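J.: sequence and predicted model, in that order:
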Amino acid sequence: MQKKGIWKTVVIAAMIMAVCGITCGCSNQTAAAYKDGTYTGKSSEFKEDESGNGAGYGVVEITIKDQKITACEFRMYELDGTLKDENYGAGLSKENRLKAQKAVQSAGKYAADLVKAGNIEQVDVISGATISYNEMKEAVQDALKKAES
């Protein structure tokens, strides 16, 4: 009978820890401490998707104050270093130019969403701008590594 009581206690404790992990956001990851300042991060170069679109890389500049991201700027570049701006995709078909411009427009939204959310994992991916998100995510991770104290 006593063994049964011990197992009940173990099962109840495991359930409580599982609930804590779900509701409190507890995880195996440890939170890094970041130094105040402005940090730049860069993604690796993306060659292109299956349609031949999206080649380039992203650069992010984040400002950290009191362990929070207080400002963010995200820029995307073509592989030759040309900034992707309102002219990006000008020589492409109408459909591909619209995709290219959606990617450019997503950069500002991703940056603003990161400041609001405080964590790149909580920034929603914009349909049609996944490559941009992946570049931003990688660049943010690079910048945060530099900010670790």
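T.: That came in fine, so what should we check first?

J.: domain assignment for the protein?
T.: 1-30, 37-147 (automatic domain parsing).

J.: by mean pLDDT, show me the worst of those domains.
T.: Ranked by mean pLDDT, these bottom out at domain 1-30, which scores a mean of 45.

J.: can you say which of the domains of the chain is packed in most?
T.: domain 37-147 (a mean of 16; mean count of other C-beta atoms under 10 Å). Where you see a C-beta, it was placed from the backbone N, CA and C, and this is true even at glycine.

J.: span of that one from start to end?
T.: Taking C-alpha to C-alpha, to the nearest Å, the first and last residues of domain 37-147 lie 8 Å apart.

J.: mind jotting down where the strands sit in the chain?
T.: Using DSSP state E, the strands found in the chain span residues 37-42, 57-65, 68-77.

J.: so which of the ones you listed is nearest residue 101?
T.: Counting by C-beta to C-beta, residue 101 lies closest to strand 68-77 out of the strands of the chain; the figure is 11.7 Å.

J.: could you check the angle that closest one makes with strand 37-42?
T.: On the basis of axes from the mean of the first three to the mean of the last three C-alpha atoms, to 10 degrees, strand 68-77 is oriented at 30 degrees to strand 37-42.

J.: so which elements touch strand 68-77?
T.: strand 57-65, helix 94-117, helix 130-147 (3 or more C-beta pairs under 8 Å, 6 or more residues apart in numbering; DSSP states H and E).

J.: go again with 6 Å.
T.: strand 57-65, helix 94-117 (3 or more C-beta pairs under 6 Å, 6 or more residues apart in numbering; DSSP states H and E).
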